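**Q** Below: sequence and its predicted model.
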Protein chains: 2
Amino acid sequence: MKETTQILREKGLKVTPQRIAVYNMLRSTTQHPNAETIYKTLEPANPTMSLATVYKTLDYFKQLGLVQELNVGEPSSRYDAVMKCHPHTVCTVCGCVRDLDMEELTELHKKLAQQLDFEVECEQLILYGKCAGCRGN
Amino acid sequence: MKETTQILREKGLKVTPQRIAVYNMLRSTTQHPNAETIYKTLEPANPTMSLATVYKTLDYFKQLGLVQELNVGEPSSRYDAVMKCHPHTVCTVCGCVRDLDMEELTELHKKLAQQLDFEVECEQLILYGKCAGCRGN
DNA sequence: CCTTTACAAAGAATTATTGTTATTTAATAA
DNA sequence: TTATTAAATAACAATAATTCTTTGTAAAGG
């Protein structure tokens, strides 16, 4: 995996400990955390870190195409370092958000999109329901 | 179209002018307005109406399955009186939100969903891009 | 009628997010 | 290295969307 430092520098961003921490965290998780969660997770190891900086950092990252924002209907946004358009599942019981990889879907959507009077730039599919774990109970 | 009064009553809701106004508005538009817009639209004709009541009314309606909440990434939620799961397009230029009717998609999603370790209750597909009008310019 | 209950308005409170400012820090040039 | 400078940060103020609380009102049931 490419060095975080190098990636930030390539995007023209000044490399700071806070930015490294946020980007590394997002790259190493599949949980799609929100700003609050990111802050709470990083704060112990980075005592000099503020929530506003997390927000601002995420905003930069989003503008520069390093992360994407994901809103699944909760009051706060989640963030994902995987930039490829991909569907998500949201468990209506435990709230977990997972990635779904479905090449077929994307292809079909592309085909259908061509029939529309609409120029698709990006798409978002969210499936709401019960995850394996919550269905077990 | 069924009487609004009757529908509200069937849901066990007390029928009030505010509730009638909100539900009628949502039924007669395809714009997917947010709470603020609903309030501003209805307020002139219903001077005794408050934004908080609009929020509470929408919340009741949602619980009872009369409207669905739609979040397309804006800070505020939009509302739709069409309850059937259906995809939406969001124009990244003018911000307009439109319905898409694609039976095929829903069918395919259902089929794919069966292959997942996930029990799909409802799905949401949003296509972001340029609408016909904005592409013209 | 009178009591109970549901509803509404008003505005306070909360939550997520963004703006402001003084201070600190990273990149760059000397 | 060190000095310079432009950008980033922390702290906290401010805003926007939404929810909560209180209090008054109207309708339904006895």
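**A** Received, thanks.
**Q** ok, residue A:77 - contacts?
**A** With contact taken as CB atoms under 8 Å, 6 or more residues apart in numbering or on different chains, residue A:77 is in contact with A:34-35, A:69-71. Using the backbone N, CA and C atoms, a C-beta is placed for each residue, glycine as well.
**Q** what do you get for residue A:71?
**A** Taking CB under 8 Å, 6+ apart, we find residue A:71 in contact with A:77-78, B:71, B:73.
**Q** Tell me the helices and strands packed up against the longest strand that chain A contains.
**A** Identified as the longest strand of chain A according to DSSP state E is strand A:118-131. With contacts taken as 3 or more CB pairs under 8 Å, 6 or more residues apart in numbering or on different chains; DSSP states H and E, strand A:118-131 sits against strand A:88-91, helix A:103-115, helix B:103-115, strand B:118-131.
**Q** Now do the second one: everything it contacts.
**A** Counting contacts by CB under 8 Å, 6+ apart, the residues outside helix A:103-115 that touch it are A:85-87, A:120, A:123, A:125, B:102, B:104-105, B:108-109, B:112, B:125, B:127.
**Q** Of those residues, grab the buried ones for ChimeraX.
**A** With 16 or more other CB atoms under 10 Å in any protein chain shown as the criterion, this ChimeraX line picks the buried residues out of the contacts of helix A:103-115:
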select /A:85,86,87,120,123,125 /B:102,105,108,109,112,125,127
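**Q** okay, the contacts of helix A:103-115 in CSV with distance to DNA strand C and pLDDT next?
**A** As requested, the contacts of helix A:103-115 are exported to CSV (distance: CB to the nearest atom of the strand, whole Å; pLDDT from 0 to 100):
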residue, distance to DNA strand C, pLDDT
A:85, 21, 87
A:86, 21, 90
A:87, 21, 92
A:120, 24, 90
A:123, 21, 88
A:125, 21, 92
B:102, 30, 76
B:104, 34, 75
B:105, 29, 77
B:108, 32, 77
B:109, 27, 77
B:112, 30, 79
B:125, 22, 91
B:127, 22, 92
